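**Q** From the sequence below, what's the structure:
(chains A, B and C)
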Amino acid sequence: MEPMGTRTKIGLIALLMVVMLTGCWSRRELETLDFITAVGLDHAAEEGKIQVTVQMAKPFAITGSVQSSVQEKPFHVMTATGYTVFEAVRNLNSISPRRPFWAHARFIVFGEDMARDGLQEALDFFDRDGEPRRTSYILMAQGVKASDLLQAEFSQEPMPSEGISELLQGTRLAQSTVAAMTVNEFLQALEGEGIDPITVRVELIPLEEDFAIGGDVLRDEVKAKTRMTGSAIFKDDRLVAWMNRPQTRGYLWVTGQVRSGIININEPETADAYVSLEIVGSRGSFKPQLTKDGIKILVQVEVHVNIGEMQQYIDIRKDPGLWVSIERRLTQVVKNEIMAAVTKAQLFGADIFGFGAEINRRHPKEWRRLRENWEEEFKRLTVEVEVKARIKRAGLVINRTPIRK
Amino acid sequence: MLEWVKALLGNSRVRQTDRETKLSSSLSVNRKRLSQAYGDSGDVIIRELRVGPRKIRVLLVLIDGLVDNVLIAETVMKPLARRGKDWKSPRQALQELSGGLLLNVGVRVTRTMKDLLEDVSRGGCAILIDGVDQGLSVVVPGWVQRNPGEPDTEPVVRGPKEGFVECLRTNTSIIRRRIRDPRLRIEEYQIGRISWTKVAVLYIEGVASKEVLGELRSRINKIDVDGIGESGQIEELIEDAPFSPFPTILRTERPDRVSGGLLEGRIAILTDGTPFALILPATFTMFFTTSEDYYERFLIGTVLRLLRFTSFFISLVLPGSYVALLTFHQEMLPTPLILSIAAQREGVPFPGVVETFMMELTFELLREAGTRLPRLVGSAISIIGALVLGDAAIRAGLVSPAMVVVVAFTGIASFSAPIYSIATGARILRFGLIILGGTMGLFGVVAGLFGLLIHLCCLRSFGTPYLEPLAPVIWSDLKDALVRFPWWAKRTRPSLIGVEDSIRQVSGLQPSPPREEG
Amino acid sequence: MFLDKISPREATAMLIISRLMMATVLFPTLTELGDPQNIWLVGLCGMIIAVPVILLVVALGLEFPGQTIIQYSQVLLGKFFGKIVGLILVWYWFHIAVTSAAALGGSLTSAIMVETPEIVLIGIIAYLGASAARNGLEVMARVADNALWVVLFFVLVTIILPFDVMKPGHLLPVLADGWAALFPPVTSAVSFFMEFIVVGMLIPHVDRPQGMLRYSAYAILTAGTVLVLLGLAAVMVFGPNVNNLSMPVFSLARMISIGRFFERIEFIPMGAWIMCAGIKLSLFIWAASLGLTQVLGLGQGQVLIYPMGALVVASSLLFYEDFLVLIQFLTRGGWSVYSLGITLTIILLLCAAVLLRRLLRGGANGD
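**A** Next comes the predicted model:
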């Protein structure tokens, strides 16, 4: 019995010695790392090369740190080029005194030029390497290079990458006008049959010297801001078109991702006044149906809204028909949004909804027939939309306070 | 005569035989031997009386300060003075004295020098009569001793406030008062060639395992040292895994803990001269229980116990994991956290592992200094520790505030182990894990913990697997390991320990409101 | 009281952990499956097929109480052929240990400890495993018994927590290409369950050998259920990408992100790997050493354990110089044919011998 303990103990000591004598291979001290918080990819000026732009945190400038007394931006941006992403990433080492560290990258931005030519050559690094994560988001910069977008800032949020992430979450939750995909989802959409990727569009807003708007105190520091307006749709790995906000919401209705948002309805119908409806819940799904004319997609959406605002006095208590009429017109708006999205997708032959994948799931035999020629089939596909809309609540007042003359 | 010369030379082997010598019938010889044995120690009182008309020579031997002088006068001197005049012969004197004349229950007839010296050393008064080769000893101890107070090392909020003291006899009496069944056996041994320390082995006949008892007896009998200073010495001489950082024998100052252990079928060892008792076989989970767990309601006891296990684990792995995360796995911390730590570490001149090691060392030094310092200057340590090392080190940029938080948290966690010895083990292992974490990252930490698990699985305490009932998993014993079941659900004794008599109480003790009749 | 006897449950724990080792490292990459959505079916079929085969091994063991598979194969097949069978089995176990060590080293170096030499990682784990084995089967069993809960907890966390990125739709369509497409992957899954032939070494050391019939089935079913769940989770999270991942379970853990704070918990699969690998190595190193001594008729198997461990470390670097070589061997049918070939031949051979012996004896007794 006794020697057991002894031997293990001696073994542990030996183990410690081995470790101490040889140790520390994968070690990297915290202060030798440069934390990348966002990545941008563009075509480099040189033909065939890729330009990688990274936004990195400057920990010592983060407020709360002992040394940070100066007003310094807590991030900096660096650029390097190479024939592959990996090479470009390594080239960063020649201009950065610290080792770039990828594990905390929040998102990857692609410049429009690059996205139009296809992302195939750029994505593998983010999947293969151990540091970047499949949970980071993929963003598309419209009209500008990704490197420019990474310079944009927010006045409330010192770290722009953090700001863009919050913006993305905020837009998704409050407006449901962007469709974002993580690397994981993007890659699935690329590899999966009968589905194409869609992801968020980001625009750059250069700030003019206009003191009338905005509450920025240190205006000269912030050169540009960003905003998220709709999404980018892909055919395979190529960006083919942009979708505006209603179209994007159309896509979200179909895939059941609408969380919240505002829909305006003219009421009274004739007047130039609106009723704002807040989406409080939605359910959306689609299923392929086999008919004698071929295959048909049935989209079913259910929307629950609250009345958020009324611009003119309407007595909805007196007239139940009014209620129904609002619901009917809400249905129409949702239908229009969905059809706009479907039309746009069909125009470019990009099956962002995954109709094909759903056909494969439900009717594998049918899919075998369609698979070869899916792009054409998709463009011709009949899509039928059923919307059920319900006004659930009206807030703290039922009718608005009328203005008596 | 040669013997005496040798004895004077201080040969201990001869002294041994000297003690084995029978008492002589000549008082002068005995007296000579006694003064030979004690030399001229100032506290030894050897007084010769002549009793009665026959002038029977009687010799009283005692050690001043060990005996109660009032009692001696009452129980020995008075009877001698009153009845001595009737004695015809020394033989008669002995008979009368041993036959009830001495007003004390603890009267013993001694035939050898050894017995006599032992009795005297325990606060006895030896009586030798000229012409008889036997002596008498009356044990009337009367030294100054501490009163049983609340144990300093294991305080409780609820529970008895009585602790063991340094006197073995008092301690056994405390246990006797808690377990009054005559089946409580107290076996006494005398260990230490020079110190003559009394050691008592306590167990309940018919409950404690006979094999364990036999093994313990043989291990105790093997001990042959010059002196026993504290029960820790016995622990080290009889434990199973002397090289392990984990103690395989539980030590406690609390009588309720000992009696609880005895009732489970464990064996306790009490040592004269120390308030610390030993309980064996001890298992890993026992070191995380307090006697309060059993007095508080079981839900609270369970939660507190789980808390203690968690905090032990934290105190073991936290600094190591922190180093590992800091220097190897920066990807495993949430972004805001790692950036904040990175911001704090800007300008810290040491690598993470050195910083951690340094701070842990500082903490250990503070702790050690705080324990050893006289109470009066103790507050100085806390000032230096808190203000100078904590605050100034951060201001000087030598350590990062996050590091201080980690060290402080580890420290607090390590204090919550109720038995000091297991926390000490964790302290050593913690440094090992810091090195592993600093050289191999989390792989090192996990591999270290895995090695630790293997080590724990190897350990046994007197035949009982150390991790019992966690490994081997014994479902019925899990009732009192990580959690504590209510008393009414603890029907059986621990199955590997109370093998002789496994049933502890009747079943169906769960209280419930009386059923409505009709 | 506890002299080298283990309970059936402890034996089960060792078997489950051994099976989970490869599963947590490389499953479902190993199954060479065309349609990833059928992966859970592969696990299911694999475990259902494996149960009767392994029960045969247990039944054989019960036929010869107190003897290991190596010992009774010498009784059944005669000294010479029995020893050959024994040597093959020893080689097989040794090879499993080598392969597992290589898989562990390869994945740790690709995933977490990129710059650390493999030999250090493998060496440390093999040392820990061997030291447990050196202390006897009982210690190994107790370590496994405890580690099983931790490993199962880790695996379940990995399976359940990425719930927010799971898409049940990825599981459809089931069996689009028919059952035939399942054949190669199921063979592969079964071939990994064939490691359980090591139960032939455990039975004589179990205190209630009869219980092993039940418990070895439990072991397969538990491990199989975990495989099915892992397969389901991986497919739901990664969809069609599953086939490209080299360490799906690890990638699965990387997907966990709850509340943007409880995330980045890669240490969970890593912890599971280390513990599983340590126990698996200890079991197979123990089996190989004990088997070797029994083949060669030496006394104690214990002395061989450390040399065997060192051999495993050295061989794992020699046999599989690169991770890709290992993946190639495990996925392209090589392993399935090899593993199934060896184990099924031996099991059938032994069963046939037992039946023959019974017939002969029955004839001799005349009843």
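**Q** Every contact and neighbour count from this point should use C-alpha atoms.
**A** Fine.
**Q** So which residues of the stretch 1-150 of chain A form strands?
**A** A:33-43, A:50-57, A:75-82, A:99-101, A:107-111, A:137-141 (DSSP state E, counting those that start in this stretch).
**Q** With distance to B:I45, mean pLDDT and mean neighbour count as new columns, can the ones you listed be given to me in TSV?
**A** Compiled in TSV, the strands of the stretch 1-150 of chain A are given as follows (distance: least, C-alpha to C-alpha, whole Å; pLDDT from 0 to 100; neighbours: other C-alpha atoms under 10 Å in any protein chain shown):
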stretch	distance to B:I45	mean pLDDT	mean neighbour count
strand A:33-43	81	89	24
strand A:50-57	85	90	26
strand A:75-82	89	88	19
strand A:99-101	84	87	18
strand A:107-111	93	90	25
strand A:137-141	94	90	27
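**Q** What separation do you get for the residue of chain C found nearest chain A and A:G294?
**A** Proximity of chain C to chain A (C-alpha to the nearest C-alpha) peaks at C:P173, 4.4 Å away. Distance from C:P173 to A:G294, counting by C-alpha to C-alpha, to the nearest Å: 20 Å.
**Q** Over to B:Q95?
**A** Taken as C-alpha to C-alpha, the span from B:Q95 to A:G294 is 126 Å.
**Q** Looking at C:P173 and A:G294, which is more packed in?
**A** Taking other C-alpha atoms under 10 Å in any protein chain shown, C:P173 and A:G294 do not tie; C:P173 has more neighbours (19 against 11).
**Q** and the more buried one, that's in a helix?
**A** No - C:P173: not assigned to a helix; according to DSSP: H, G, I helix; E, B strand; the rest coil it is coil.
**Q** So the residue lying closest to it once chain neighbours are set aside versus chain B, what's the distance?
**A** Setting aside the residues directly before and after it, C:P173 is nearest to A:R361 in space (C-alpha to C-alpha, 6 or more residues apart in numbering or on different chains), at 4.4 Å. For A:R361, the distance to chain B equals 37 Å [C-alpha to the nearest C-alpha, to the nearest Å].
**Q** Surely A:R361 is in contact with C:Q37?
**A** No - taking contacts as C-alpha atoms under 8 Å, A:R361 lies outside contact range of C:Q37: 10.3 Å.
**Q** Mutual contacts of the two, please.
**A** C:172-173 (C-alpha atoms under 8 Å, 6 or more residues apart in numbering or on different chains).
**Q** Looking at these two, which one has more neighbours?
**A** C:Q37 (25 against 19).
**Q** ok, now which ones touch that one?
**A** By C-alpha under 8 Å, 6+ apart, C:Q37 lies in contact with C:170-174, C:232, C:235, C:239-240.
**Q** Report the buried members of those.
**A** C:170-174, C:232, C:235, C:239-240 (16 or more other C-alpha atoms under 10 Å in any protein chain shown).
**Q** If I look at residue 380, what pLDDT would I see?
**A** With no chain named, the answer covers chain A. Here the pLDDT value assigned to A:R380 is 85.
**Q** looking at chain B here, not the other one
**A** On pLDDT, B:A380 comes in at 76.
**Q** would you list every one of the helices in the stretch 301-405 of chain A?
**A** A:320-348, A:355-362, A:364-370, A:374-380 (DSSP state H, counting those that start in this stretch).
**Q** if we can go back for a sec, mind putting the strands of the stretch 1-150 of chain A into a markdown table with distance to chain C?
**A** Shown next, in a markdown table, are the strands of the stretch 1-150 of chain A (distance: least, C-alpha to the nearest C-alpha, whole Å):
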| stretch | distance to chain C |
| --- | --- |
| strand A:33-43 | 15 |
| strand A:50-57 | 18 |
| strand A:75-82 | 21 |
| strand A:99-101 | 14 |
| strand A:107-111 | 14 |
| strand A:137-141 | 13 |
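**Q** Turn the ones you listed into a markdown table, columns for distance to A:D129.
**A** Formatted as a markdown table, these follow (distance: least, C-alpha to C-alpha, whole Å):
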| stretch | distance to A:D129 |
| --- | --- |
| strand A:33-43 | 14 |
| strand A:50-57 | 16 |
| strand A:75-82 | 17 |
| strand A:99-101 | 11 |
| strand A:107-111 | 14 |
| strand A:137-141 | 16 |
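**Q** Between those strands, which one is closest to B:G99.
**A** Ranking these by proximity to B:G99 (C-alpha to C-alpha) places strand A:33-43 first, at 91.6 Å.
**Q** before we move on, back to that, pick the most deeply packed of the helices of the stretch 301-405 of chain A.
**A** Sort the helices of the stretch 301-405 of chain A by mean neighbour count, taking mean count of other C-alpha atoms under 10 Å in any protein chain shown, and helix A:355-362 sits at the top with a mean of 22.
**Q** CA atoms only: put that one into CSV for me.
**A** Once non-C-alpha atoms are left out, helix A:355-362 reads as follows in CSV (Å, rounded to 0.1, in the frame of the first residue of the first chain):
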residue,chain,number,x,y,z
PHE,A,355,-36.4,26.6,-50.4
GLY,A,356,-34.3,23.9,-52.1
ALA,A,357,-32.9,22.6,-48.8
GLU,A,358,-36.5,22.3,-47.5
ILE,A,359,-37.6,20.4,-50.6
ASN,A,360,-34.6,18.1,-50.0
ARG,A,361,-35.7,17.6,-46.4
ARG,A,362,-39.3,16.9,-47.1
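**Q** Would you mind listing what in chain C touches chain A?
**A** Residues of chain C found near chain A (C-alpha under 8 Å from any C-alpha of the partner chain) are C:110-117, C:124, C:131, C:135, C:169, C:172-173, C:176, C:238-241, C:254-255.
**Q** try 6 Å this time
**A** C:113, C:115-116, C:172-173, C:240-241 (C-alpha under 6 Å from any C-alpha of the partner chain).
**Q** Including secondary structure, could those go into a markdown table?
**A** Supplementary listing: these in a markdown table, determined by three-state DSSP:
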| residue | secondary structure |
| --- | --- |
| C:M113 | coil |
| C:E115 | coil |
| C:T116 | coil |
| C:L172 | coil |
| C:P173 | coil |
| C:P240 | helix |
| C:N241 | helix |
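**Q** Include pLDDT when you put those into CSV, please.
**A** Converted to CSV, the residues of chain C next to chain A look like this (pLDDT from 0 to 100):
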residue, pLDDT
C:M113, 79
C:E115, 79
C:T116, 81
C:L172, 79
C:P173, 77
C:P240, 82
C:N241, 82
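**Q** Much appreciated, bye for now.
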